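Asker: Okay, predicted coordinates and the sequence, questions at the end:
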Amino acid sequence: MNAPIKHPALPNPVPGYYPMILGDMVVTALSDGTIPFALEKLYQNTNADHVASRLTDTWQGTPTPASFNAFLFAIDNRLILVDTGSGDLAGSALGHVERNLMAAGYRPEQICDVILTHLHSDHVGGLIRDGKMAFPNARLHIPKRDADFFLNPDHMAQVPAAMHPHFKNAIACIAPYENAGRVSVFADNASPIPDFAMSVLLPGHSPGHSGIIMQSGETAVFCWGDISHGHIVQFEDPAIAICFDVDGDTAVQSRKKALEFAVTKKCHVAGSHIAFPGIGHITVARHGYRWNPTVFQNLP
């Protein structure tokens with residue numbers, strides 16, 4: 001008889017990074033990790049049975065594995081990171097952006113700029129390590145509306161208690177960069193980094209939530225932050241909000257705007273909470289929109 005196979009322990013199936021060459025850019029998706037989301041309980045403007053049915057029919061299941069992604073852009077001699085993951089704020093399942101950045105062949109001190117789509121904890125937590133700047137040579141770029149909102153503790157009274165940690169975490173994570181004089185804020189629809197990045201105000205999920213468009217020649221990558229959580233239900237019906245939104249009605253309008261923008265421009269979309277690597281295209285479907293993930297390929 002054959003001896004039983006001893007299977008190795010596999011805490012992660014593969015390193016959590018995925019590089020692509022798009023135009024003159026090298027774009028690397030970085031996984032911060034995954035955690036299960038009970039989306040049937042989190043979505044709003046719908047009912048739990050409908051959500052559970054759609055997720056079951058599309059083999060997502062409930063609770064649904066939720067990806068947390070950040071994106072690294074190498075353009076010319078510049079390394080630009082869009083969002084940073086959770087750092088130490090959300091337990092061991094998340095907080096892997098820095099590790100995967102290094103697995104991809106880069107070092108934190110090489111990062112020139114960090115652009116934040118918004119100031120929720122799962123996007124700012126990776127800014128610090130042991131209370132110090134995780135990216136010591138980087139300039140931090142923040143949407144002005146989110147800076148005005150989250151960096152003012154008085155505004156916590158305007159939101160449910162469950163959202164209060166976002167304020168405390170944003171202040172703590174940004175403080176080392178502020179103390180080092182390495183923080184810039186960008187206005188609505190402004191360019192955080194001229195000639196490299198443009199922002200698109202997409203409020204609702206947070207007051208200053210912004211998409212970031214990275215452009216190289218005719219190639220554009222639209223990092224749209226938290227426009228969607230998942231790639232099924234909110235694509236089929238963009239009017240479905242989620243409880244994490246500060247203003248659900250405004251978030252719905254921003255989602256519709258972002259989806260139409262992506263379809264019209266035929267750009268690559270990079271989603272923070274779309275199944276890793278979270279990069280693909282959007283097309284119009286019979287019901288709403290359809291997510292078309294990037295197809296795996298080896299780099300030359």
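Answerer: Right, received. Where do you want to start?
Asker: could you show me where the helices are in this structure, in order?
Answerer: Along the chain, the segments classed as helices by DSSP state H run 39-42, 48-57, 97-103, 121-124, 144-150, 164-179, 233-236, 248-265.
Asker: How far off centre is the fourth one?
Answerer: Helix 121-124 sits 9 Å away from the centroid of its parent chain (C-alpha atoms, centre = their mean, to the nearest Å).
Asker: Count the residues that sit near the nearest residue to residue 283 once chain neighbours are set aside.
Answerer: Take residue 283 and drop its neighbours on the chain: the residue closest to it by C-beta to C-beta, 6 or more residues apart in numbering is residue 290, 5.1 Å away. Heads up, the C-betas are built off the backbone N, CA and C, glycines and all. Other residues near residue 290 come to 16 when the count uses other C-beta atoms under 10 Å.
Asker: wait, isn't residue 290 in contact with residue 282?
Answerer: Yes - in this structure, residue 290 is within contact of residue 282 by C-beta atoms under 8 Å, at 7.1 Å.
Asker: Could I get the pLDDT score of residue 69?
Answerer: Note for residue 69: predicted pLDDT of 98.
Asker: what does residue 238 give?
Answerer: We have a pLDDT of 98 for residue 238.
Asker: likewise the one 3 residues further on?
Answerer: Looking at residue 241, its pLDDT reads 98.
Asker: I'd say it and residue 39 touch.
Answerer: No - between residue 241 and residue 39 there is no contact under C-beta under 8 Å: 11.9 Å.
Asker: Quick check, residue 250 in contact with residue 204.
Answerer: Yes - applying C-beta under 8 Å as the test, residue 250 and residue 204 come out as touching, 3.4 Å apart.
Asker: These two: who's more crowded?
Answerer: residue 204 (21 against 17).
Asker: What are the neighbouring residues in contact with that one?
Answerer: Residue 204 is in contact with 245-255, counting by C-beta atoms under 8 Å, 6 or more residues apart in numbering.
Asker: can you check residue 182 too?
Answerer: Counting by C-beta under 8 Å, 6+ apart, residue 182 touches 133, 138-140.
Asker: Go through those and flag which are in strands.
Answerer: 133, 139-140 (DSSP state E).
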